[in-house]
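Novice: Need a 3D model of the sequence below.
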Amino acid sequence: MFRCPVFILLAVTPLLSPAQTVSSPSNASAAPARQAPTEHLTLRAAVDKALLNNLNIAVSRLTTENVGETIEIAKSEFDFTLTAGSEWQRKMPAGIEDYSVTRPGADTWENSLGIAKKFASGGTLSVGTGIGTSWLNNSPAFSPDNEIYFSIEGRQPLLAGAGSTVNLAPIVQARQNFEKSKLDLRRTVLDLLRDTEIAYRRLSAMHALLDLRESSLKSAEQILKQAKKMRELGAAIRLDELQAEADIAAQRVAIINAKQSISDAEDDLRFILSGMNRVELPEIGVAALPERAPPAPPAFANWIFDVRAFDINAHIRRIEIEQAQLDVLVAENADSPSLDLIAGASAYGRDERLGKAYAGAFERPGYGLNAGVRLTVPLGFRESEARLRQANRAREQARLRAGIAQQQTMFDARTAWRALNTARDRLAATRAAVALKRESYKGQEAKYGAGEATMSDVLVAKSALDEAELENLQALLDCLVADAHVHRLDGAILGKLGFSWESVDTRAGTEPNAGFRTKSEK
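Specialist: This is a model prediction of the structure:
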């Protein structure tokens, strides 16, 4: 019996398709089952399809676009604000029993319109106008008294809330969050490219595994024929045939397992391509594994500089440190008294007729002036000081997280670099072992034909050859997987698969699978 490679055991629920049915003497005469259609994909086509259709990427893209809207939300703080109002009031003096006859007091109708604007300095400027109309109840004709005013007022913080650094902080942080979100999307895309390449290579390896199993079955059948012929000549016994038949049965079981592994690998790739929504799924045709091993990576001391320069996590952590530093500046500003400078002026016009009241505001205006300061001091500054301490700790946390990210990058880089070099060395060794054990198997087969070896010797040599071929296939797959991890870390996976940041940014997640949309959305 042969040792199964580790990747064969990593199986999900298999797809039971007609292509997986193994022929046997009992069903050899049955009508052939209808073959499922095959969708042929190159590696580039699979990666391109994943980039466009993957649902996780589509979710990340929408998240990034939503974060981008927060910039406009933060900018809206400095938009012009229009305020309009209309209010009616009636004031009646107390102590009158029958006010319906005497009608003391007054009715007032106030209308106002104003525009305000906040500036980066923290100050605000308000310009307004209004009309106030009063009906004096003690007048026989209830003559209206119209008053029109025009006003302007400015307010400027001098301590807390003053300065562009503090007031523009929400916009700066919104832009930083947007940049972080775009970097996070790129990081997700890079992981998707790597995972798609690995899933594609594993599916190719499963097809290669099936080829090995079928080739081993043919060899087992040839051995059985040879054993039968030797027995007819009286040079072999029934035990030799039984051993050869047992080997054939074992190879058929291995073929069943290999076909299940193909179905599992197809599902892994379909899941990445977001193509699991259909009930009947076509088989996926993939290119064979490359025969040549991936090139060796550069020396680690040189390669790690490329990894660090490309490291998206490091860029995100640097932005977080900048945000934390800005939070400290805002908290330090808030830990001050609120001192506002206020100044304003207004002009009034008044008359029974509205037109004359309006003209009076310019020709014979009344006026008003105001100026002053307003001081607000929270006794103890407990809240602002606590928030400042929190901001300082958050800044230190951001710096520590940057250090953790740098260590993680170094750890991942060493692991991937070492895995690729080890896999290359192991591949060279397994290829040499395959060549030697194939010669050994051929030698034992020839000796058996000459009566110089037993069937057990032949099957042991065949088992050793099968195991060496499986180890060689596993080593080649390990090489390709490690190569994908290495190129993910230094960013070379983009050019390797034929992409650029421009194509990734414009296409990632733009065509999510329509099969997951509701009927109302369609």
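
Novice: and residue 403, how many neighbours?
Specialist: Residue 403 has 10 neighbouring residues, counting by other CB atoms under 10 Å. No exception for glycine: its C-beta is placed from N, CA and C like everyone else's.

Novice: What strand or helix carries it?
Specialist: helix 382-449 (DSSP states H and E).

Novice: Please enumerate the strands of the stretch 1-150 of the chain.
Specialist: Taking DSSP state E, counting those that start in this stretch as the criterion, the stretch 1-150 of the chain contains strands spanning 38-41, 81-91, 106-118, 124-136, 144-157.

Novice: name the helices or strands packed onto the helix holding residue 403?
Specialist: In terms of contacts (3 or more CB pairs under 8 Å, 6 or more residues apart in numbering; DSSP states H and E), helix 382-449 is packed against helix 169-232, helix 300-310, helix 312-334, helix 455-490.

Novice: how about the last one: buried residues?
Specialist: In terms of neighbour count (16 or more other CB atoms under 10 Å), helix 455-490 has its buried residues at 455, 457-459, 461-490.

Novice: Any stretches of the stretch 1-150 of the chain with poor pLDDT?
Specialist: 1-37, 92-105, 136-143 (pLDDT under 70).

Novice: go again using 80 as the cut-off
Specialist: The model of the stretch 1-150 of the chain has pLDDT under 80 over residues 1-38, 90-106, 135-145.

Novice: now swap in the stretch 151-300 of the chain and tell me
Specialist: For the stretch 151-300 of the chain, the stretches with pLDDT under 80 are 227, 230-237, 240, 276-280.

Novice: just to revisit the earlier point, tell me which of the helices and strands packed on helix 382-449 sits most buried.
Specialist: helix 455-490 (a mean of 22; mean count of other CB atoms under 10 Å).

Novice: now the angle from the host helix or strand of residue 252 to helix 382-449?
Specialist: Using DSSP H and E, residue 252 sits within helix 238-272. Relative orientation of helix 238-272 versus helix 382-449 (axes from the mean of the first three to the mean of the last three CA atoms, to 10 degrees): 150 degrees.

Novice: ok, and for the next helix or strand after helix 238-272, which residues are buried?
Specialist: Once helix 238-272 ends, the next helix or strand along the chain (criterion: DSSP H and E) is strand 283-286. For strand 283-286, burial by neighbour count (16+ other CB under 10 Å) applies to 283, 284, 286.

Novice: Does anything pack onto strand 283-286? Which helices or strands?
Specialist: Strand 283-286 makes packing contacts with strand 38-41, helix 169-232, helix 238-272 when contacts are defined by 3+ CB pairs under 8 Å, 6+ apart.

Novice: And what about residue 297, helix, strand or coil?
Specialist: Three-state call for residue 297 (DSSP: H, G, I helix; E, B strand; the rest coil): coil.

Novice: go on, residue 375?
Specialist: strand.

Novice: Just the pLDDT at the residue nearest to it when sequence neighbours are not counted, thanks.
Specialist: In space, and not counting its chain neighbours, residue 375 is closest to residue 339: 5.2 Å by CB to CB, 6 or more residues apart in numbering. Listed pLDDT for residue 339 reads 91.

Novice: Double-check that residue 339 belongs to a helix.
Specialist: No - checked against three-state DSSP, residue 339 lies outside a helix; its state is strand.

Novice: which residues does it contact?
Specialist: Contact analysis of residue 339 by CB atoms under 8 Å, 6 or more residues apart in numbering lists 157, 158, 159, 160, 373, 374, 375, 376.

Novice: can you do 6 Å?
Specialist: By CB atoms under 6 Å, 6 or more residues apart in numbering, residue 339 lies in contact with 158, 159, 375.

Novice: Filter those residues down to the buried ones, PyMOL style.
Specialist: Paste this into PyMOL to select the buried members of these, with burial taken from 16+ other CB under 10 Å:
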select buried, resi 158+159
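
Novice: any idea which of the contacts of residue 339 is closest to residue 430?
Specialist: Nearest to residue 430 among the contacts of residue 339, counting by CB to CB, is residue 159 at 73.8 Å.

Novice: Any chance of the backbone angles for the closest one?
Specialist: With angles defined as degrees, to the nearest 10, residue 159 sits at phi -120, psi -100.

Novice: cool, and residue 353?
Specialist: Backbone phi and psi, for residue 353 under degrees, to the nearest 10, turn out to be phi -100, psi 140.

Novice: who does the residue nearest to it when sequence neighbours are not counted bridge with?
Specialist: Excluding its sequence neighbours, the residue lying closest to residue 353 (CB to CB, 6+ apart) is residue 146, at 7.0 Å. With DSSP bridges as the criterion, residue 146 is bridged to residue 133, residue 351.

Novice: Residue 146 contacts residue 132, correct?
Specialist: No - between residue 146 and residue 132 there is no contact, the gap being 7.3 Å when judged by CB atoms under 6 Å.

Novice: Which stretch among the strands of the stretch 1-150 of the chain approaches residue 200 most closely?
Specialist: strand 38-41 (7.6 Å).

Novice: Buried residues in the closest one, which are they?
Specialist: By neighbour count with 16+ other CB under 10 Å, strand 38-41 contains the buried residues 39, 41.

Novice: hang on, the earlier thing: which secondary structure elements does the helix holding residue 252 sit against?
Specialist: Here helix 238-272 touches helix 169-232, helix 455-490, going by 3 or more CB pairs under 6 Å, 6 or more residues apart in numbering; DSSP states H and E.
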